[in-house]
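# Need a 3D model of the sequence below.
(2 chains)
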Amino acid sequence: MHSDQPSATDSPADMHDGVDDAALATVMRRVPLGAGVLAGAAVALLVLGYLLIYLLVFIPRGTVG
Amino acid sequence: MTERQPEMHERRILGNELLWSFGVGVLIAATLSVIVFTALTMGINPPSNVERVDPKVLHLSGEFTEHNLGTSVAADGSVTARIIATQFMFVPRCIAVPHGRPVTLRFAAPDVIHGILITGTNVNTMVVPGFVAQVHTQFTRSGDLLMPCHEYCGLGHSEMWATVQVLPESAFQPDRDGRVSCAQR
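Residues are numbered from 1 along each chain as shown, chains lettered A, B, ... in the order given. Take a look at the predicted model:
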């Protein structure tokens, strides 16, 4: 189906989003830090939950094998 | 944007990804180490007994005949409970076990695949026809624990459950034949 609206399949070179290169470069310098903090916090919570369940639930339930 | 900036960005991104990969590798290694450490020092590991039994003659001969089911204490003091899992009940319906002593649970099924867990403990295994499912454990608290079938085995699956009665040492008294039954309450 053809449409006059731009789509994700259009070449990036054909599109103008109003963001100049300098602003883009500034954002790109800061984004990895934010992504790292977000992913790190998520993984830290996951590991914390694992350790709490392991130490407070799994171990006290006794041996099995 | 100058010519060098994209290259610097790519290096920074690559550095971040390598750092993240290293962190994830450390986490995976730590998790595996905890599992191995627990298995070696505390004896906590998945039941891995492979022992065949003929499901067609389960009730006719061998250790799973009716008179041999339930809990028995051997001459050396070891405690073994033998249980049949069948559609849609456990035989016996109540299993008496001692508190704080090693117990061996042995299960067999004559019909379809069942599974058991004992609530509040780490006991959890499948019971497959043709094999003896064996679990070694030690109960850490007294009281009645629910043992439901946790593998769908037919229309009566939800009615298939038994009770594991964990008795204090003083109440766990075998009879002359070394057998222990649940206390009547």
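# quick one: the helices in the chain?
Chain wasn't specified; assuming chain A. All helices of chain A, identified by DSSP state H, fall at A:21-53.
# My question was about chain B, not that one.
Here chain B has its helices, by DSSP H, at B:4-42.
# Show me it divided up by domain.
Chain B breaks down by automatic domain parsing into domains covering B:1-45, B:55-180.
# I'd like the ones you listed written out as JSON lines, with distance to A:Ala35 added.
Yep, even glycine has a C-beta here, placed from its N, CA and C like the rest. Formatted as JSON lines, these follow (distance: least, C-beta to C-beta, whole Å):
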{"stretch": "domain B:1-45", "distance to A:Ala35": "8"}
{"stretch": "domain B:55-180", "distance to A:Ala35": "38"}
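# hey, which of these is tucked in deepest?
Neighbour counts (mean count of other C-beta atoms under 10 Å in any protein chain shown) averaged over each of those peak at domain B:55-180, with a mean of 17.
# Kindly check the end-to-end length of that one for me.
26 Å (C-alpha to C-alpha, to the nearest Å).
# follow-up on the earlier one: nearest to A:Ile59, of the domains of chain B?
domain B:1-45 (7.5 Å; C-beta to C-beta).
# My guess is B:Leu167 contacts B:Arg101. True?
No - between B:Leu167 and B:Arg101 there is no contact under C-beta atoms under 8 Å: 10.2 Å.
# how about the residues of chain B near chain A?
Selection of chain B residues close to chain A by C-beta under 8 Å from any C-beta of the partner chain yields B:1, B:5, B:9, B:12-13, B:16, B:20, B:23-24, B:27, B:31, B:34, B:38-39, B:42-48, B:120-124, B:135-140.
# For chain A, what lies in contact range of chain B?
A:21-22, A:24-25, A:28-29, A:32, A:36, A:39-40, A:43, A:47, A:50, A:54, A:58-65.
# Any quick ChimeraX command for the buried ones out of those residues?
In ChimeraX, a selection of the buried entries from the residues of chain A next to chain B looks like this (16 or more other C-beta atoms under 10 Å in any protein chain shown):
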select /A:32,61,62,63,64,65
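# Distance from stretch B:135-150 to the middle of the chain?
Computed by C-alpha atoms, centre = their mean, to the nearest Å, the chain-centroid distance of stretch B:135-150 equals 9 Å.
# Report the mean confidence score over it.
Stretch B:135-150 shows a mean pLDDT of 94.
# end to end, how far does it reach?
Start-to-end, stretch B:135-150 (C-alpha to C-alpha) is 16 Å.
# And for stretch B:56-73?
End-to-end span of stretch B:56-73 (C-alpha to C-alpha): 27 Å.
# where are the low-confidence patches of chain A?
A:1-15, A:31 (pLDDT under 70).
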